[in-house]
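Q: sequence first, then the predicted structure, then my questions.
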Amino acid sequence: MDNRPIGVFDSGLGGLTAVRRLIHEMPNENIIYFGDTGRVPYGNRSRETIFRYATQDVNFLRTFDLKAIVIACGTVSSIALQPLSQLHDLPIFGVVDPTARRAAQCTRNGRIGIIATEATIRTGAYEQTIRAENPAAELHSVPCPLFVPLVENGRTEPGDVVIETVVADYLQPLKEAGIDTLILGCTHYPLLSKVIGNFMGPEVRLLDSGAEAADQIGRWMASCNLRADPEQVGTCRWYVSDGTENFHHLGSIFLNREITEPVEQIAIENY
Ligand code: DGL
């Protein structure tokens, strides 16, 4: 048993989709979340900048005594998981591997779509893992650079003509390709599940990368006997790098439950 918290971070609020699953499945775990809201989005930046930001994010989280870190960001996972894991002596989990493996296993017609930020798609990280599991899979990757800013601005619901237009524009080629499985390769995208699902149709299965990462760390904790005390009620501590005014409102939408705990702003450049 290990009651130390799990550290979770993202470029912004998207990583809360992983926290949502963690809280739902493992309500006894303590969580420390950092959202780099002052520097979001990461996905259109260079590898070097993303790595520098991710290093600071992990350094901040390491000021706490954690049992593990979840990189709840497709962009950072695809660029920095390996080097960060080598630099740090605690387990670090990303979203790419568990989600890609799930896609390789659950496709029925072998046609898989991958949507993510430009930086993630450039790395080919999802594609490599899927191919290692299922070499015959036909992969269709589409960067969706407008999704993160739209989601961070709350433009997520069916009936919003802006998001519906952008979704249709990005996803039309995937619809035409006849995919049956779509990786939401950025942790912001599950907020668009309804709009994306409406556009793609019920026969296309959407895979939530944050949820897959949460499930993976849950399996790992169970196998290593590192789950928190089942009697404990887990707590959450929230940190951001920009003003805190919008966090409670928008964060509650991402988390699908009201955030009542205080949120603190930190100077991430100092880490
Ligand atoms: N949630 C991040 C991801 O999963 C968004 C990246 C960004 O800030 O552009 O990739």
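A: Nice, thanks for sending it over.
Q: mind listing the helices for the stretch 51-200 of the chain?
A: Remark: helices assigned in the stretch 51-200 of the chain by DSSP state H, counting those that start in this stretch are 74-87, 96-106, 118-123, 125-133, 147-152, 161-177, 193-200.
Q: among those helices, which is nearest the ligand?
A: The ligand lies closest to helix 74-87 among those, at 3.5 Å (CB to the nearest ligand atom). Heads up, the C-betas are built off the backbone N, CA and C, glycines and all.
Q: neighbouring contacts of the closest one?
A: 9-11, 42-43, 47, 50-51, 53-55, 57-58, 71, 91-92, 94-96, 116-117, 119-120, 123, 125-126, 185-187, 209, 213 (CB atoms under 8 Å, 6 or more residues apart in numbering).
Q: how distant is it from the center of its chain?
A: Taking CA atoms, centre = their mean, to the nearest Å, one finds helix 74-87 lying 13 Å from the centre of the chain it belongs to.
Q: do the same with stretch 51-68
A: So, by CA atoms, centre = their mean, the centroid of stretch 51-68 is 16 Å from its chain's centroid.
Q: ok, and does it reach over to the ligand?
A: No - applying CB under 6 Å from any ligand atom, one finds stretch 51-68 separated from the ligand by no less than 9.4 Å.
Q: and that stretch, which residues are buried?
A: 51, 53-58, 60-61, 66-68 (16 or more other CB atoms under 10 Å).
Q: circling back: which one of the helices of the stretch 51-200 of the chain has the poorest average confidence?
A: The minimum mean pLDDT among the helices of the stretch 51-200 of the chain belongs to helix 147-152 (a mean of 92).
Q: does anything pack onto it? Which helices or strands?
A: helix 161-177 (3 or more CB pairs under 8 Å, 6 or more residues apart in numbering; DSSP states H and E).
Q: now do the contacts for residue 43.
A: 11, 75, 116-120, 145, 148, 186.
Q: against the ligand, how distant is the residue most central in space within the chain?
A: Central residue of the chain (CA atoms, centre = their mean): residue 187, 2.9 Å from the mean position. To the ligand, residue 187 is 4 Å away according to CB to the nearest ligand atom, to the nearest Å.
Q: was I right about that residue contacting residue 94?
A: No - the criterion here is CB atoms under 8 Å, and residue 187 misses it with residue 94 at 10.7 Å.
Q: which residues of the stretch 51-200 of the chain lie near the ligand?
A: Taking CB under 6 Å from any ligand atom as the contact definition, the stretch 51-200 of the chain meets the ligand at 73-75, 117, 120, 148, 186-188.
Q: what do you get if the cut-off is 8 Å, keeping everything else the same?
A: Residues of the stretch 51-200 of the chain that fall close to the ligand, judged by CB under 8 Å from any ligand atom: 72-77, 95, 116-117, 119-120, 145, 148, 185-189.
Q: pretty sure residue 264 is in a helix, no?
A: No - Residue 264: not assigned to a helix; according to DSSP: H, G, I helix; E, B strand; the rest coil it is strand.
Q: what helix or strand is the nearest residue to it once chain neighbours are set aside on?
A: Excluding its sequence neighbours, the residue lying closest to residue 264 (CB to CB, 6 or more residues apart in numbering) is residue 239, at 5.3 Å. Per DSSP states H and E: residue 239 is located in strand 236-240.
Q: for the record, mean pLDDT for that strand?
A: On average, strand 236-240 scores 98.
Q: near the ligand, anything from it?
A: No - using CB under 8 Å from any ligand atom, strand 236-240 stays clear of the ligand, coming no nearer than 13.4 Å.
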